[in-house]
Each structure stands twice: as C-alpha cells, then as structure tokens.
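Colleague: quick one, structure for this:
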Amino acid sequence: MVTRIPIATQIWPVREEFLKDMPGTFEAIAIMGYDGVELCYYWPEVWDNAAGIRNVCADLGLEVVGAHVPWEHMSSDRLKQLIEFSHTVGMKYPIVPGLPDEMRTSRAGLLEASGRLNELADMLKPEGLCTGYHNHTWEFSPLDGELPFDTIFGNTVSDVIMQLDIGNGLRGNADPILYLERYAGRATTVHLKEFSATNEHALIGEGDVDWEEVFALCESTGGTEWYIVEQESGIYPPLECTERCLVNLREMGK
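Modeller: The predicted model follows:
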C-alpha cells in the first residue's frame, strides 16, 4: 500500500495576503487541510522572522517543507544565515527557483551553476538539508545543443532535487512524464500546477495534465516526499484558488 504523500502549498500565490497577515494566512491554509507550506525566502519578512513562522506553523500543525531561495542567498557568505533559518523553522529543502541571467545564456554558465549546486548539496548534507532546482519554461528551449533542464540535471549529483513544476514544463512544451522517468528518484518535492491549451484559468484537475500518470510515477519511482501546490488564477481570489486546488486533489484521491 502506498503511503499518502502529504500536500503543501507555495506561499507565492497568496503573497499579498501573507505579507499583510502572516498568521492569518497560515491559519487559512491549515483550515483548508494542507499539511505544510513552502516559503519565499527572498522576502525580509520571512528570513527575519524564523521563530515567528515556526511558532505559528507549529500551533497550526503545519510543517514548513522548504523555501525558494535566490541564488545570491546561496553564496558562501550568506549560507550560514540560511542554515540557521532552516533549522529554526524546521525545514529541510531550500530550493533554487532560478539562475542569474549570466548563467542562463550558455552551456558553460549552466555547467558552472550545476557545479555550484553539487557543492551546495555537499555543504548542506551534514546539516540535514537538501537543495535542488525548480524549473520555469526557459529550461526546455535548446541551448548549445541541449535542453538546459538536461544540462542541469545531467551534471548534478542525485542529492540535488529535481523540483519539477508540472505546469511550467508543459507550458515550455516539455513532457513532465518523460522527466519523472528520466531522473527517477530525484523528484523529492513536486510542484503541482495545471496547464491547459484552451483555458488559462484551469485549476489542478481541470486542464491537460495527465495527473493519474504523474501521481503513479511520483508514488513509485519518483521518490516524492511532498506535493506542493503552486497555482494562480485570474478568476478566483488567491486563497480561494489555493483551496479549490486542494479540493480537486482530494477528489482525485490525494
């Protein structure tokens, strides 16, 4: 029997609510039935408030899964602060959500970034932390004869998490199923986002994603420990959108 994979939500879609009322936003997420949250570490309101976030989430029964951490915060002179923050809030997964422009424009730049991700994985492992990379769409446009996504994950160690954003991949004309198979065991945290070629407002379960196959791979060979919802909609208010996505996932048996 497959153990249920817990579901968290990224804070980015509800950023306005969060920055106005952090405790109230966390409470709303907990009431919806989410198991955890993924933070945006690049906000001072987050990195300066580790203890406050820990206490509120603990009271609500929410786990802080990880955070999206800008590349510059992964530099050696700022890494100590990130490690301390991670231990305080109790998170395990500081994930890089993008690369500096100078690393995105050539294979050499991507290989440099891959090398740094390998170094970070080695440095964070003794601290009980794991880093990784979260894709957008540009990673699936050929660069110097190869897709940047493959350059990154083909040249990083298995300890570097492939945080595959399902919707972003499809929007970049990539098949997420292919990458869940190609980099088996590395999809430790997966971003659940819908994509529809005909409805830009489609929520999870209402578009073109083959969720049955995504879940089957995540729960067999993917090594997935967390599903993380990150969905925005132009129709519903952010918190309502976040709740509707979880309702749809529950209807799919998640």
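Colleague: can you give me the helices in the stretch 101-250 of the chain?
Modeller: Along the stretch 101-250 of the chain, the segments classed as helices by DSSP state H, counting those that start in this stretch run 101-104, 107-124, 148-154, 166-171, 176-182, 211-218, 238-251.
Colleague: so which of those gets nearest residue 194?
Modeller: Nearest of the helices of the stretch 101-250 of the chain to residue 194, taken as Cβ to Cβ: helix 166-171 at 5.5 Å. Where you see a C-beta, it was placed from the backbone N, CA and C, and this is true even at glycine.
Colleague: most packed of the helices of the stretch 101-250 of the chain?
Modeller: Comparing the helices of the stretch 101-250 of the chain by mean neighbour count (mean count of other Cβ atoms under 10 Å), helix 166-171 comes out on top with a mean of 22.
Colleague: what lies in contact with that one?
Modeller: 135-137, 140, 175-176, 179, 190-195, 207-209, 214, 231 (Cβ atoms under 8 Å, 6 or more residues apart in numbering).
Colleague: okay if I get the helices of the stretch 101-250 of the chain as JSON lines plus mean pLDDT and distance to residue 60?
Modeller: Formatted as JSON lines, the helices of the stretch 101-250 of the chain follow (pLDDT from 0 to 100; distance: least, Cβ to Cβ, whole Å):
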{"stretch": "helix 101-104", "mean pLDDT": "95", "distance to residue 60": "38"}
{"stretch": "helix 107-124", "mean pLDDT": "97", "distance to residue 60": "27"}
{"stretch": "helix 148-154", "mean pLDDT": "98", "distance to residue 60": "34"}
{"stretch": "helix 166-171", "mean pLDDT": "98", "distance to residue 60": "27"}
{"stretch": "helix 176-182", "mean pLDDT": "98", "distance to residue 60": "31"}
{"stretch": "helix 211-218", "mean pLDDT": "98", "distance to residue 60": "26"}
{"stretch": "helix 238-251", "mean pLDDT": "98", "distance to residue 60": "15"}
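Colleague: closest to residue 11 out of these?
Modeller: helix 238-251 (9.8 Å).
Colleague: how far off centre is the closest one?
Modeller: 17 Å (Cα atoms, centre = their mean, to the nearest Å).
Colleague: my guess is residue 184 contacts residue 218, does it?
Modeller: No. Counting by Cβ atoms under 8 Å, residue 218 is not a contact partner of residue 184; they are 10.4 Å apart.
Colleague: common neighbours of those two, please.
Modeller: With Cβ under 8 Å, 6+ apart, residue 184 and residue 218 have no common neighbours.
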